[in-house]
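Colleague: got a structure for you, letters missing:
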């Protein structure tokens, strides 16, 4: 039997207004090279000045993973040549990172597991090389150069692609809870390198690992690792060996391929950056940040299960995303709805709408108080659940409120018993043959009568009352 | 006029005996006349200077005086200047124009000075003779067959030849003090962090420090007061309060305790020794106590320096890759070819030598043996100094082992060249302020006295130096006018 050993390095863009060593903006999507100042361009004579916000963010992260916050950490230069690296070196942390020895718990197959985090360090991002803009030339966009990153390095504690994804999702959720990153994977704010190796169960020594670079979606991480694990097992089972190398994942072919050796054969010649002073953090600063820490996912999960009586499954879905959990709590705020019902609506309906329209949890077009209003209409039997789903769709797409749609479109449910009694009477009269069959024991036909009433009322009849009326009348006939 | 000190020139301007425009014109004429031979300037900013001088004159006419209103000066071509070429003495930056002013440049502009041009220097400040400049060697005004020292050779020789009253320089291992010594002018390298490095093209970031050249210590004090201070753009600049160094120099001198390191006198040339001893005698007469001290680790200074400086330079100079600015090789076949050829063709021999040495010293497997060890030596040297400063106020010695050497005599012997920094590198490694002032001659070539102080003791150094210049007149000596084409 083969065992898989995985360690992940996650690069997370920190959510600061300006860059890590300059005052240029970090906004995404601006015109090329408009957000790069003299410092980001690496002009002669410029010097980096540390943006203090990144230090606060790193401390927050360190506290959230119960890590050790270094009293003194050091920025180092990682030297290599690349056209989108303007200075010819990246300012990173090497020997003394800002955070060490933390961990997070993941929940997989009904079991909780601790994944160690070796270190988290601060560094600057490089720019972007664009190869498809001109026929015979490459272009460079330095807008991203100098964007602050925190690199989070896990211990090799992960044992499967599934675990890797769960760990990543947990980390993703955490940085969003801490509001230190928007975690936007499409824009590259959260990307991952995976170190993968396999070994026989009985072997004590780790196998030779391959590093898969720059994977930017949960799905790709899963696929890339699975592919790589199979590749390595195949090699070993056929008597070949794995070589230590850097590989790229190609999502179109769903395979990993070695990077050209030139791109990886680097001696980075790390040394402390003489332009920057050591980052010194005193305990009062840590205490202050500690007192401002938001509620974290694990605590919130516990609270959701306990105070809202949610299943662990539902609670997990809700708390995984800070904004979704907030949305849930906001919708419940008026204290006029059952928490379980609200959870169901959000998990099934709202999330489906969000997925379909590709809107993230931070930007739902239906405000929680409007969802609350809609669900109260259901609770009060003014509309049916089915109608509510239809109305919710319209609210989502057009931004209208529930009561406006109900009034305008006549969505109101018919709950008036006298009115319904007449309709039920008519349905029974018009289907006397079926009534006879029902009475002779074909009780399955009950649904047929309900359906007929609904047809007559264009679905607006209150099903509960219709049921009661039908039941009464048919039983009387028996 | 050319022989006047800054202090005197300022008086002339304040009393409106001379206008900034006249002064600017006068020195520009001297540069045009004599610099063809000396080659101390890379760029002359005549148009800019005259325009600025006119503006300053308008201010003066409204009695709006600033600390250096109308004072002409030259900037070492290592300081970035907006709209004016900044070459750093290299083909790599032959036509580079910075979009911003270095902090030193900005401060001197704000003080009302008038920049006449940018001075020649060893390429990327790597050299002790000004022979590595892409723009040609600079001549020592005392004898054109001799080097002016380096790397701030153009700044020192332009002041020595009286082409400008003062200039800026940078000092990484002696690049202000050594040329000041060889050219017979005063030059100060302040404490590391005293002056902002922003906009000063980096050679070795942990050693580089900006400073000034002038005829006298008082003039240096006047200039230093303007350029010193914390700069939020340079994280390594010190928040230490700036004092008015000029005022300190005008106060009555109080005798102090002077330390003389035995290591600096061991095997010293006899004539140089005599000149130095004469200087020490003067301080004795003035009531100073002279103490022999030991800086036993200073003999390791050059070795440590030759690891740390190249290591940092190998990284600092990586940005000159032909991609965004600077020299770019023609007809390249691919990216690697672009890198290799742009850097091979754009950098000179000495720069390439240091990049290679530094790259080696930082390589995996060698880092501990070289870089880390050099940093440890650096700490030992610093400790020696701090220990010495418990008992003495200032440390004195010769700035250089000897007078200027002949052009070409050491150009092919890098080790001999590196050893000309033997007395100066220690102050850089320890981050200490140090100054060189003229103390006499040997064979009609000037010799400098080095004064090293404890961190942020520029005031003590300048006070001692200016007192020495009140008693002696070595600083008034000037190169033979005949040599400069004057009778």
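Modeller: Right, received. Where do you want to start? A quick note: this is a predicted structure, and the numbers were derived from the prediction, not measured.

Colleague: okay, CA-based contacts and neighbour counts for the rest of this
Modeller: Noted.

Colleague: low-scoring stretches of chain B, by residue?
Modeller: B:481-487 (pLDDT under 70).

Colleague: helix or strand next in line after the helix or strand harbouring residue B:223, which one?
Modeller: If you go by DSSP states H and E, residue B:223 is part of helix B:217-227. Next helix or strand after helix B:217-227 toward the C-terminus (DSSP H and E): helix B:245-250.

Colleague: and residue A:373, how far from residue A:404?
Modeller: Distance, residue A:373 to residue A:404, using Cα to Cα, to the nearest Å: 11 Å.

Colleague: compare these two (neighbour count), which wins?
Modeller: Just comparing residue A:373 and residue A:404: by other Cα atoms under 10 Å in any protein chain shown the higher neighbour count belongs to residue A:373, 18 against 12.

Colleague: what sits closest to residue A:402 if chain neighbours are left out?
Modeller: residue A:374 (5.5 Å; Cα to Cα, 6 or more residues apart in numbering or on different chains).

Colleague: that neighbour and residue B:179: what is the separation?
Modeller: 84 Å.

Colleague: for these two, indicate the residue with more neighbours.
Modeller: Shown here are residue A:374 and residue B:179; by other Cα under 10 Å, residue B:179 has more neighbours (35 against 23).

Colleague: buried stuff in the top helix by length along chain B?
Modeller: Looking across chain B with DSSP state H, the single longest helix is helix B:20-38. Buried residues in helix B:20-38, defined by neighbour count with 16 or more other Cα atoms under 10 Å in any protein chain shown: B:20-21, B:23-28, B:31, B:34-35, B:38.

Colleague: can you put these in CSV and add distance to chain A?
Modeller: Formatted as CSV, the buried residues of helix B:20-38 follow (distance: Cα to the nearest Cα, whole Å):
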residue, distance to chain A
B:20, 30
B:21, 31
B:23, 31
B:24, 28
B:25, 31
B:26, 32
B:27, 29
B:28, 28
B:31, 27
B:34, 31
B:35, 27
B:38, 27
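
Colleague: make CSV out of those residues and add distance to residue B:332.
Modeller: Formatted as CSV, the buried residues of helix B:20-38 follow (distance: Cα to Cα, whole Å):
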residue, distance to residue B:332
B:20, 50
B:21, 49
B:23, 49
B:24, 46
B:25, 46
B:26, 48
B:27, 45
B:28, 42
B:31, 40
B:34, 42
B:35, 38
B:38, 38
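
Colleague: which element, helix or strand, includes residue B:49?
Modeller: helix B:46-61.

Colleague: just checking, which helix or strand succeeds that helix along the chain?
Modeller: Next along from helix B:46-61, by DSSP H and E: strand B:72-76.

Colleague: what does that following strand contact?
Modeller: B:23-24, B:27, B:105, B:113-121, B:152, B:154-155, B:164-170 (Cα atoms under 8 Å, 6 or more residues apart in numbering or on different chains).

Colleague: state the next helix or strand along the chain beyond it.
Modeller: Assigned by DSSP H and E, the successor of strand B:72-76 is helix B:103-110.

Colleague: ok so, going back, for the longest helix of chain B, name the packing helices and strands.
Modeller: Applying 3 or more Cα pairs under 8 Å, 6 or more residues apart in numbering or on different chains; DSSP states H and E, we find helix B:20-38 packed against helix B:46-61, strand B:72-76, strand B:114-119.

Colleague: now the helix holding residue B:223 against helix B:103-110, angle please.
Modeller: 100 degrees (axes from the mean of the first three to the mean of the last three Cα atoms, to 10 degrees).

Colleague: next one: stretch A:131-149 to chain centre, how far?
Modeller: In terms of Cα atoms, centre = their mean, to the nearest Å, the centre of stretch A:131-149 is found 27 Å from the chain centre.

Colleague: cool, stretch A:268-277 as well?
Modeller: Relative to where its chain is centred, stretch A:268-277 has its mean C-alpha point 35 Å off (Cα atoms, centre = their mean).

Colleague: what mean pLDDT does that stretch get?
Modeller: Mean pLDDT, stretch A:268-277: 96.

Colleague: can you give me the end-to-end distance of it?
Modeller: End-to-end for stretch A:268-277, by Cα to Cα: 21 Å.

Colleague: could you list the residues in contact with stretch B:45-61?
Modeller: Contacts of stretch B:45-61 (Cα under 8 Å, 6+ apart): B:14, B:19-21, B:24-25, B:28, B:65, B:69-70, B:84, B:112, B:114-118.

Colleague: switch the cut-off to 6 Å
Modeller: B:20-21, B:114-117 (Cα atoms under 6 Å, 6 or more residues apart in numbering or on different chains).

Colleague: can you list the buried residues in it?
Modeller: In stretch B:45-61, counting by 16+ other Cα under 10 Å, buried: B:45-46, B:49-50, B:52-57, B:59-60.

Colleague: swap in stretch B:140-156?
Modeller: B:140-144, B:146-156.

Colleague: got it, and stretch B:81-93?
Modeller: Residues of stretch B:81-93 classed as buried by neighbour count (16+ other Cα under 10 Å): B:81, B:84-93.

Colleague: can you get me the start-to-end distance on that stretch?
Modeller: Note: stretch B:81-93 ends 13 Å apart using Cα to Cα.

Colleague: quick one: that stretch near chain A?
Modeller: No. Contact of stretch B:81-93 with chain A (Cα under 6 Å from any Cα of the partner chain) is absent, the minimum separation being 9.3 Å.

Colleague: got the contact list for that stretch?
Modeller: B:77-78, B:80, B:94, B:96-101, B:121-124, B:133-134, B:326-327, B:346.

Colleague: off-centre distance for it?
Modeller: 18 Å.

Colleague: which bits of the stretch 251-400 of chain B sit near chain A?
Modeller: B:318-319, B:362-363.

Colleague: let's have those residues in TSV, adding distance to residue A:226.
Modeller: Output for those, formatted as TSV (distance: Cα to Cα, whole Å):
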residue	distance to residue A:226
B:318	39
B:319	40
B:362	38
B:363	36
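
Colleague: next up, the contacts around residue A:69.
Modeller: Residue A:69 sits in contact with A:98-99, where contact means Cα under 6 Å, 6+ apart.

Colleague: let's see that with 7 Å instead.
Modeller: With contact set as Cα atoms under 7 Å, 6 or more residues apart in numbering or on different chains, residue A:69 has these partners: A:59, A:62, A:98-100.

Colleague: that one bridge partners, please.
Modeller: On the basis of DSSP bridges, residue A:69 is bridged to residue A:99.

Colleague: can you count the residues close to residue A:356?
Modeller: Around residue A:356 there are 9 residues (other Cα under 10 Å).

Colleague: secondary structure element holding residue A:123?
Modeller: Applying DSSP H and E, one finds residue A:123 within strand A:111-124.

Colleague: and if you look at residue A:396?
Modeller: Using DSSP H and E, residue A:396 sits in helix A:385-398.

Colleague: now do residue A:471
Modeller: Going by DSSP H and E, residue A:471 is part of helix A:463-477.

Colleague: hmm, back to that, so which of the buried residues of stretch B:140-156 belong to helices?
Modeller: Per DSSP H, those map to helices at B:153-156.
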